[in-house]
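> Have a look at this prediction, sequence included:
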2 protein chains.
Amino acid sequence: MASTLPDAIPPDGSRSRARDLLMGLQESICAGLEALDREGRFLEETWERPEGGGGRSRVMKAGRIFEQGGVNFSEVQGEELPPSILNQRPEAKGHPWFAVGTSMVLHPRSPWVPTVHLNYRYFEAGPVWWFGGGADLTPYYPFLEDALHFHRTLKGACDAVDPLYYTVFKPWCDEYFFLKHRGETRGVGGIFYDYQDVGGILYKGSDPHGAAAEASQGVSPIAQDWEKLFALAQSCGEAFLPSYVPIVERRASLPWGEKERQFQLYRRGRYVEFNLVFDRGTIFGLQTNGRTESILMSLPPLVRWEYAYSPEAGSREALLTEVFTRPQNWLDDASLEERCAQRQAVN
Amino acid sequence: MASTLPDAIPPDGSRSRARDLLMGLQESICAGLEALDREGRFLEETWERPEGGGGRSRVMKAGRIFEQGGVNFSEVQGEELPPSILNQRPEAKGHPWFAVGTSMVLHPRSPWVPTVHLNYRYFEAGPVWWFGGGADLTPYYPFLEDALHFHRTLKGACDAVDPLYYTVFKPWCDEYFFLKHRGETRGVGGIFYDYQDVGGILYKGSDPHGAAAEASQGVSPIAQDWEKLFALAQSCGEAFLPSYVPIVERRASLPWGEKERQFQLYRRGRYVEFNLVFDRGTIFGLQTNGRTESILMSLPPLVRWEYAYSPEAGSREALLTEVFTRPQNWLDDASLEERCAQRQAVN
């Protein structure tokens, strides 16, 4: 059990180091996004949570590139974690907890530019601590080049710490960002991990027969400690701007029409469905009396639902649905290029 | 316990009587709404559920009055009810179940016309059966007259069967359609009831200290059997058109502008939040592998979220939020007229 190992104890200053890392991540991401957008500015609000802690929300509304974007830092504490987390970490029962995290969701104006989400977080609760996080990309139109760039950059950030990480965290992302009632992934994925501590079992998800579990079984347990997991959060956090900015630069100035806009608004509905029905961060925030406006900052500014909509066969909208909302081995599947080639042109 | 009483056994033909009532309700509501809209027509789709049963979905898109409206009938069965229901009805564990229901949500174009929801349903599962249902009104602008008309009509329909019903089902509706994370009711409410059987305890909700529990404690147990509960569903179902059509007729032809439209789209976000985070019908449908498009037919066609929006003090939008999203004794509180008088004019 994690709590009996000597290196299960976090290093001195663990909380302030995690805080500085994640506040710094908020800073650097906001600076990078403002430089990219050129017109939009993040407005900051700080808030306190009655039960302990607070946060710093930064929201950009009506930018040139970003219709809405939010980057939220929070540092909160409480007397006991909610049941959804205690199920996974029973050792934390009866102990006060501390959590620090930075999360981000960007909703671009242009349907050619994907929505992107990032979250890195660190918990301490009595005898246990853990890191969690990840980033995932949700395109509205199918550009294989963009999915490959995003995955290659995240893989590089993971590999710099341990080449096993991407092999498990990539399928875990597909599993986590899955809309069961639609049979769709939220987008092309990226990486996701949770409950990472000295117990070097990489996969701690809920599907024992899934691809992430299988990938983890081949390699676990691995050598892992606080410093290594801190380095992982740092490496992946720093990789965000390089993983996303080139995609925006390639796509943002291309013209688009009402048809593409309507499809974007329709697909944003899936984002809402995922966040309100399945997302662990949203549920944790609402369960722990978090700040509703900061939690729901992830919802898109304008969304459309259409009963029984189905894209035209052979269209780019159909390709998005058939290929870019299914788990794919983006970096290892040579057939993807041919499947996408015909329909990924903008015009 | 219900299952030990002789009148706990439903009458011969209970399933077909409930089916006929609820299919007939779908028919009469659709006919009434088409007559009201004059341009929009309901398109019907029938569907089958692999595990047993199916349904008849009717959706109106882009009508004159209704931007979108859906009236869905379903009759489904399965081997065992999901945990969310077995918690409330442990006697049903291990038994096959049967459920029949009609549900409706209407999203009008005009911000002056309220959204409305209705659902009536009947369950049998081994030794137990029960009725549930209700209707609730969600205005975007504050017209006291409309809230009073809706409540008076539903109260009349309840009183015709038993004058105790409205006293309990009205506060139960406020409790059920409550967005905890917003501190708001979904709208001005109406009536809601669930798990009604021969055990004549009217209130079977989750808040033992709430107004509905208190109202129920004073009166229970009451004499109640299958025929009486069937009559209640019939009476309330028949009351829908008279409760809603006059409101539409008063409001639909009044002009409105971009400001009102934007507020309507913003408030529709609350409807989405309620349905995806809290609604028992939605969760039941998604848990029992229901037809996703029919379940999510309740979501509005176009929705807006705005970070940290707050209506201008003293505005009609503020009145809506402060009075029409809080539990009110609509039919007994003389102060409401004065509180609403200043700000409920359309122009």
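Done, it's in. Remember, predicted model here, so these are calculated numbers, not experimental data.
> Residues of the stretch 201-347 of chain A that sit close to chain B?
A:265, A:269, A:272-273, A:276-277, A:286, A:292-293, A:295-297, A:299-308 (CB under 8 Å from any CB of the partner chain). Where C-beta positions appear, they are placed from N, C-alpha and C, glycine not excepted.
> Try it again at 7 Å.
Contact residues, the stretch 201-347 of chain A versus chain B (CB under 7 Å from any CB of the partner chain): A:272-273, A:276-277, A:286, A:292-293, A:296-297, A:299-308.
> check contacts around the residue of the stretch 1-150 of chain A found nearest chain B.
Closest approach between the stretch 1-150 of chain A and chain B, counting by CB to the nearest CB: residue A:59, at 4.9 Å. Taking CB atoms under 7 Å, 6 or more residues apart in numbering or on different chains, we find residue A:59 in contact with A:42, A:43, A:70, A:297, B:307.
> Pick out the residue in the stretch 151-300 of chain A sitting closest to chain B.
Residue nearest to chain B within the stretch 151-300 of chain A (CB to the nearest CB): residue A:276, separated by 3.8 Å.
> where's that residue, which helix or strand?
Using DSSP states H and E, residue A:276 sits within helix A:258-277.
> Give the other helices and strands that that helix contacts.
In this structure, helix A:258-277 makes packing contacts with strand A:178-179, strand A:302-304, helix B:258-277, judged by 3 or more CB pairs under 7 Å, 6 or more residues apart in numbering or on different chains; DSSP states H and E.
> Touching the helix or strand following the first one from outside, list them.
Yep, that's strand A:178-179 we're talking about. Next along the chain after strand A:178-179, taking DSSP H and E as the criterion, comes strand A:184-185. Residues from elsewhere that reach strand A:184-185 (CB under 7 Å, 6+ apart): A:174, A:177, A:178, A:270, A:325, A:326, A:327.
> Strands of the stretch 101-250 of chain A, residue ranges please.
All strands of the stretch 101-250 of chain A, identified by DSSP state E, counting those that start in this stretch, fall at A:115-125, A:128-138, A:178-179, A:184-185, A:189-196.
> Quick check: closest non-adjacent residue to residue A:11.
In space, and not counting its chain neighbours, residue A:11 is closest to residue A:226: 5.8 Å by CB to CB, 6 or more residues apart in numbering or on different chains.
> Now do the same contact list for the one you found.
Shown in contact with residue A:226 (CB under 7 Å, 6+ apart): A:10, A:11, A:14.
> separation between it and residue A:197?
Per CB to CB, to the nearest Å, residue A:226 is found 8 Å from residue A:197.
> Quick one: residues contacting the nearest residue to residue A:193 once chain neighbours are set aside.
Residue nearest to residue A:193 in three dimensions, not counting chain neighbours: residue A:169, with 4.7 Å by CB to CB, 6+ apart. Contacts for residue A:169 (CB under 7 Å, 6+ apart) come out as A:134, A:158, A:191, A:192, A:193.
> So what's the residue count around the fourth one?
When you say that, I think you mean residue A:192. By other CB atoms under 10 Å in any protein chain shown, 24 other residues sit near residue A:192.
> just the first one next, same as before
Residue A:134 sits with 23 neighbouring residues when counted by other CB under 10 Å.
> mind checking pLDDT for the closest residue to it other than its chain neighbours?
Nearest non-adjacent residue to residue A:134, counting by CB to CB, 6+ apart: residue A:192, 3.7 Å away. Here, the pLDDT recorded for residue A:192 equals 98.
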